[in-house]
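# Based on what follows, work out the 3D shape:
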Amino acid sequence: MLETSMPSDAPGCASSADRDDAVLARAAAAGDRAAYEAIYRRHSPRLYAVVWRLCGGNAARADDALQDTFIAAWKALPHFRFQSALGTWLHRLAVNTALMELRARSASSDHLVDDADGEILAAIAGATRCQSTGMDLERALATLPPRARAVLVLHDLEGWKHQEIADELQMAVGSSKAQLHRARGLLRARLGEHT
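The predicted structure follows:
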């Protein structure tokens, strides 16, 4: 079931953009497509950046996740309760959509190599490729194994707590911490930092 409200960070302190979003959201919920297009134009660049990272830099998957996010938002918008900023709600929806895609992909049976072997092969290939080409951070991030990348993005870039990550990715808190440690180590290796 789609979560359509989130606790507000600062009740009573709505910014001008939040007020504009509220007006647009109410209009879009009433069926105003122009208002919804304005919401899309305002929020899609930031949401795309998040889903792109979670999808490992795969533009096609990120495009799909962004599209799925806005389809789900369009359907859920009439039930949005304005307990948080629209941007916060859309951000969480985008992260959840990308993570569902990640879970579906990892559960699919079309992998020829099991996850552990695939992650080892990706780490070896990624480290070689990164060191030889001076790969930037985004490209190095895209080479991380999917679960390690998801934990790193959610914790270090999005500011989630380990408990939130564990709940969302259906893992133990200790596993979230271990995946973060692993992701940071792989990222350092890929970027050529030996600390």
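
# So which residue is dead centre in the chain?
Note on the chain: the residue nearest the mean C-alpha position is residue 95, at 3.6 Å, using CA atoms, centre = their mean.

# what's near enough to touch it?
Neighbour list for residue 95: 50-51, 54, 154, 158, 168 [criterion: CB atoms under 8 Å, 6 or more residues apart in numbering]. Any C-beta I mention is one placed from the backbone N, CA and C, and that applies to glycine too.

# Please flag which of those sit within helices.
When DSSP state H is applied, the contacts of residue 95 are split such that 50-51, 54, 168 fall in helices.

# is it possible to export the residues you listed to CSV including neighbour count, distance to residue 38 and pLDDT?
Formatted as CSV, the ones in helices among the contacts of residue 95 follow (neighbours: other CB atoms under 10 Å; distance: CB to CB, whole Å; pLDDT from 0 to 100):
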residue, neighbour count, distance to residue 38, pLDDT
50, 21, 20, 93
51, 25, 20, 94
54, 27, 25, 91
168, 19, 29, 85
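
# Determine which two of the residues you listed are furthest apart.
By the measure CB to CB, 51 and 168 form the most distant pair in these, at 14.2 Å.

# circling back: distance of the residue nearest to the centre of the chain relative to residue 188?
Distance of residue 95 to residue 188, computed by CB to CB, to the nearest Å: 25 Å.

# Could you say which helix or strand holds the residue nearest to the centre of the chain?
Assigned by DSSP states H and E, residue 95 belongs to helix 86-107.

# Quick check: pLDDT value at the residue nearest to the centre of the chain.
Looking at residue 95, its pLDDT stands at 92.
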